[in-house]
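Enquirer: Need a 3D model of the sequence below.
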Amino acid sequence: MKVRLLLILLLTLTISYGEISIYKIWTPYDPNLVPIMYIDINEPVLYIGIVNKDEYAHNVVVKAELNGETFTTVPIYLPPNDHMEKIVELRIPVYDDKVHNVKVSLIENGKEIVSKNIPIKCYFPIDVKNVSCQDCCEYKDGEVCYSNWFYVVLKSNPLAQSDYNAKVWINVKSGNTILYDGKKDAKTVYIPWGNEVKLSFKIPKISLNNNDKFTIETYVVVMNVTHSVEGYEKTELKRDENGIYHKYNSYKKYFYFPVIIKNIDVYNKIDRDNVDLVKKFYSNVLDEELEEIINKRNYPIYGEIPRVYVKDETTLSFINVTLENRYNKDVIVKFIWEYGNNSYYKTIKINKNSDTSFILPIYSKPGNVNIKFSVNPIEVNSYIYNTSYTLNVNPKLIAPVIIKKIILPLDQSINEDVNGTVLVGKWYNITLIIKNKYYKPLSGYIEISDNFEKGVVNYTKRVEFNISAYGVKKIKIPIIFYREVNGDLKVTLKTKNGVKDDCRIIHFYAYLPIEVKEVKYNNSILHKISVVGNGGIYTYNPIAGYNNTCIVRLKNKLNKNISCKVWVEVYNKNGKLEAKSDIKFVKFKPDEEKTLKFNLYFNEGFEGYTLIHAVPMNLENVDVIFTQGLNYHLVQIPKYYEVGRYSHLSLLGLKVSTASHEITRVVSPISIKSLKFENNKIIAEIESNSFPTNLDVNYWINVNNYKSEKYSTNLPPKSSKVVEIPISLTSGNYTIEFCAEVDNFLSIDGKKCPILIKKYLNISILENKSSIASNQVKINGSYQNNITKINISSYKKDKNNKEIKNITNLTSKKSETSIIDAILSPIKVVIVKILEILPI
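Expert: Okay, the predicted model is just below:
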């Protein structure tokens, strides 16, 4: 029951507070509910209307809060059910004419019953009618100033109720920045009611960066209320359907500098305005290119300045500056520019309301140069316009020392008239004439480079030099080519501390004195390439087991006599030498052609290549090598042929491709893959190479005058077979000839003949009487212990091999070591020595 009574009591209190209201708030000048309520500085009061519709009486206090200050009334009694408005006057002191927010509330028993927020502002009785420079002209939304004296016109406006004493000063502003605070220079003035007064103020020197205007803010203090306006203002009394009220407007006014820097840009051309400065600055450099440009006088000339020759050198640049005079009379200005630690100035006359442009020389090192500028009228130095400009000095780089001329050699023995035409294997000189453009002695080096294969050319890669101021110097660089080339070399002249190198490309034609015109095998022997029954098709190729003739046709390309030695080598596809001809010494008359014949003997068939060597006798390290064959195949040319090599497939090329050489195919239907002596038997492996049909092969061995019986076997295509021939040998040295024959494989003058392939094996048998199972095997002329092992290898021998004196089943002559062996052991030990006999 008590809780219910308490809730009813609380509800009653809440409702009763809600019946008390602030009916309205107004001032003597404005009705209720206007956006901003204006108050008079003479009488800063608010009127508050209060109504109590509650059935209970209340005692309330009216409180106003403004800028942290509180203003209250004495308690006011409000009778119950009093629908009459109770008007309360509340004085609120305000010290400026800004808009302020006032909170008005009713307080009873220390508790806020109701509140309302209202904006208020003081009506100020004085207008700043105008602010103007004493010497000016109209410009855009303000004035161009030509004096530092300003006058301010103050006028008593319709809100004024009497005469006033006012304290007045001005501030100079650039945006929100105060340039001059004139409060310390404030003036007091008497302003009659309804009249106006004029005051003068002097401002100090104004210096702005990249800004050409400012504003004047006027401060007026009346009856401790401060009023300010940036520009000028106007208060009017209006009458219309809304009643009588005051209308207020303010207007910002700008004051402009009389002279400004309108534009700055790079001036990178040569014309009549700066050509004399350019000539003077570069007079100590022998720059023929620049002199030619200037003397043409085809102005303007772009992109040739600034120029720089050595590092950390001061160069000459130009900038173009445009000044603008906004004033309505001619002015003389002082123009200043600063960079580095230097400051320069000049006086310039500018016609009224016009622009003027001029160029400035800038002496600096390459890179960014920060330049500061300022300008002001000499007559009125109160307005200084400042700006800055970053000049990117990116000069044209000029080589201080240049290659004035290159003289390439020309060999008179070659029927050509183009410089750079030389012989392979002969030393020449490249002659360089260099020139120093600069006024100081300089040093550096000359570097030569190329993209040739290693070993193609030899020269001094780097030559250092010192050269006097404006000097000319001749430098000779020796050079020799070891192969035919038709290509370029790069010559680079580098100067110490120079900003640019001087590069040239030179071209050389390096000729071999001897030209291999033709290489061919001229055999009358044909070989069978296919078999149908006993028939067959025969074709031309070098043949194994017979003498072959290699014909080489050579030509002297020079206009003088030349001697050379010539020989032929034939290699298999793995780079192993198979045959080598005799060396022929040949003399050639100018432009003479000769045909040479070389005999070559091949022990077995293979695929490879033929190399023709032609070595001139009076040239250095020249080996004219020519590859020749019958078809194309991947072969490996030995790397030690690094000089003079070429192929008729790649004449005058920079590189010789090992994948595109013609191959030489030496024909043999079979090959003796291996040959060894073991357990009193000759064991051979016979292989069919690339023949398309089965082959009947006869085989036997010869040992001096002994010839074994003939054996026969059949070989399918691309197969091999191991065959054995028994033989009994006593101690001694033997050369065993293994022969393999295929009938009707060749056609000689229309007659079918067999082809015979041979392989040789050298063995030494020493009789050892020791019971120890240890043999001495003679290998490459020295004895080595070889426990229970016999080393055997085959060797090749041509048809001209010397006769073997040891005969099978006969006692050979004892060597000196056989006597020692007879004492040591009765055991026979077979020691096999394998030797390769190559054609000479």
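
Enquirer: how about stretch 68-76: buried residues?
Expert: 71, 73, 76 (16 or more other C-beta atoms under 10 Å). Quick note: C-beta positions are derived from backbone N, CA and C, even for glycine.

Enquirer: wait, the last one sits on Lys86?
Expert: Same thing as Ile76. Yes: with contacts counted by C-beta atoms under 8 Å, Ile76 reaches Lys86, the gap being 6.6 Å.

Enquirer: ok, Trp193 - contacts?
Expert: Trp193 sits next to 156, 160-164 when contact means C-beta atoms under 8 Å, 6 or more residues apart in numbering.

Enquirer: tell me how far the ends of stretch 239-248 are from each other?
Expert: 14 Å (C-alpha to C-alpha, to the nearest Å).

Enquirer: swap in stretch 322-331?
Expert: 15 Å.

Enquirer: picking up where we left off before, closest one of the buried residues of stretch 68-76 to Val566?
Expert: Phe71 (129.6 Å; C-beta to C-beta).

Enquirer: how about stretch 594-607 as CSV, C-alpha atoms only?
Expert: This file holds the C-alpha atoms of stretch 594-607, laid out as CSV (Å, rounded to 0.1, in the frame of the first residue of the first chain):
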residue,chain,number,x,y,z
LYS,A,594,96.8,-25.3,-108.3
THR,A,595,95.4,-28.8,-107.9
LEU,A,596,97.1,-31.2,-105.4
LYS,A,597,96.7,-34.9,-104.9
PHE,A,598,97.1,-36.7,-101.6
ASN,A,599,97.1,-40.4,-101.0
LEU,A,600,95.1,-41.6,-98.0
TYR,A,601,94.8,-45.2,-96.6
PHE,A,602,92.0,-46.2,-94.2
ASN,A,603,92.2,-49.4,-92.2
GLU,A,604,88.4,-49.5,-91.6
GLY,A,605,85.2,-47.7,-92.4
PHE,A,606,83.9,-44.8,-90.4
GLU,A,607,82.0,-41.5,-90.6
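
Enquirer: Return the distance of the residue nearest in space to the middle of the chain relative to Glu687.
Expert: Nearest to the geometric centre of the chain sits Lys500, at 18.1 Å (C-alpha atoms, centre = their mean). Lys500 is 68 Å from Glu687, where distance means C-beta to C-beta, to the nearest Å.

Enquirer: for Ile398, phi and psi?
Expert: Main-chain torsions, Ile398, degrees, to the nearest 10: phi -120, psi 130.

Enquirer: can you tell me how far it sits from Val369?
Expert: Noted for Ile398: a distance of 20 Å to Val369, by C-beta to C-beta.

Enquirer: So for Lys718, what's the nearest residue that isn't a sequence neighbour?
Expert: Ser688 (6.0 Å; C-beta to C-beta, 6 or more residues apart in numbering).

Enquirer: per-residue pLDDT, the one you found?
Expert: As predicted, Ser688 sits at a pLDDT of 88.

Enquirer: Which residues are in contact with it?
Expert: Ser688 makes contact with 669-670, 695, 715-720 under the criterion C-beta under 8 Å, 6+ apart.

Enquirer: mind redoing it with 6 Å?
Expert: Applying C-beta atoms under 6 Å, 6 or more residues apart in numbering to Ser688 gives the contacts 670, 695, 715, 717-719.

Enquirer: Likewise for Lys426?
Expert: If a contact means C-beta under 6 Å, 6+ apart, then Lys426 has Leu619 as its contacts.

Enquirer: Just want the phi and psi numbers for it.
Expert: Dihedral angles (degrees, to the nearest 10) for Lys426: phi -130, psi 140.

Enquirer: you'd agree Val102 is up against Ile120?
Expert: Yes: the pair Val102 / Ile120 is scored as a contact, 5.3 Å apart, by C-beta atoms under 6 Å.

Enquirer: Bridged to the closest residue to Glu89 other than its chain neighbours, which residues?
Expert: In space, Glu89 comes closest to Val45 once its chain neighbours are excluded; the distance is 5.4 Å by C-beta to C-beta, 6+ apart. On the basis of DSSP bridges, Val45 is bridged to Arg91.

Enquirer: Distance check, Val45 against Asn436.
Expert: Counting by C-beta to C-beta, the separation of Val45 from Asn436 is 96 Å.

Enquirer: the more surrounded of these two?
Expert: Ranked by neighbour count (other C-beta atoms under 10 Å), Val45 and Asn436 place Asn436 first, with 24 against 12.

Enquirer: check contacts around that one.
Expert: 401, 442, 467, 470-471.

Enquirer: Likewise for Arg504?
Expert: Here Arg504 is in contact with 403, 491 (C-beta under 6 Å, 6+ apart).

Enquirer: Which helix or strand contains it?
Expert: Here Arg504 sits within strand 502-511, counting by DSSP states H and E.

Enquirer: Put the alpha carbons of that strand into CSV.
Expert: Provided in CSV are the C-alpha atoms of strand 502-511 (Å, rounded to 0.1, in the frame of the first residue of the first chain):
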residue,chain,number,x,y,z
ASP,A,502,83.6,8.8,-77.3
CYS,A,503,82.7,5.5,-79.1
ARG,A,504,83.3,4.5,-82.7
ILE,A,505,82.7,1.3,-84.6
ILE,A,506,85.3,0.1,-87.0
HIS,A,507,84.9,-2.7,-89.6
PHE,A,508,87.5,-5.2,-90.7
TYR,A,509,87.6,-7.7,-93.6
ALA,A,510,90.3,-10.2,-92.7
TYR,A,511,91.1,-12.5,-95.6
